[in-house]
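1. structural data only, the sequence is not supplied:
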């Protein structure tokens with residue numbers, strides 16, 4: 001399971017599916033999905049989505065690249081899916097998140113507080 005999770009962490013922007021991840025973990029697809037969820041508390045698909053959103057959060061805070069460019073860079077296939085998934089995980093849209101992150105940075109809030117506040121909740 002750790003090998004598969006590490007592969008998702010390294011290659012989050014690449015198309016990854018359960019069959020290829022199960023092969024990395026050397027188990028069947030059904031066993032992989034069950035065991036991954038039992039081990040890490042979420043499905044492989046949700047874990048991968050969350051990793052992609054975490055990377056997108058960083059890019060939204062630290063770059064001026066468009067939301068669409070960031071969407072494709074982190075591995076989402078469409079801006080609609082990206083925005084919906086981002087909102088589900090973070091609780092606000094990518095554009096709202098970027099705006100709030102810039103406002104927070106302008107207030108000179110300590111970095112530890114900012115990181116805790118900006119961390120995905122789901």
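-> Happy to help now that I have it. Keep in mind that this is a model prediction, so the values were computed, not measured.

2. any idea how far residue 67 lies from residue 1?
-> Noted for residue 67: a distance of 33 Å to residue 1, by CB to CB, to the nearest Å. To be clear about C-beta, it is placed using only N, CA and C from the backbone, and glycine gets the same treatment.

3. correct me, but residue 47 touches residue 39?
-> No: taking contacts as CB atoms under 8 Å, residue 47 lies outside contact range of residue 39: 10.3 Å.

4. and the two? which has more neighbours close in?
-> residue 47 (20 against 12; other CB atoms under 10 Å).

5. could you pull up the residues touching residue 79?
-> By CB atoms under 8 Å, 6 or more residues apart in numbering, residue 79 lies in contact with 67, 68, 71.

6. who touches the last one in this structure?
-> For residue 71, the residues meeting the contact criterion (CB under 8 Å, 6+ apart) are 56, 78, 79, 82, 83, 94.
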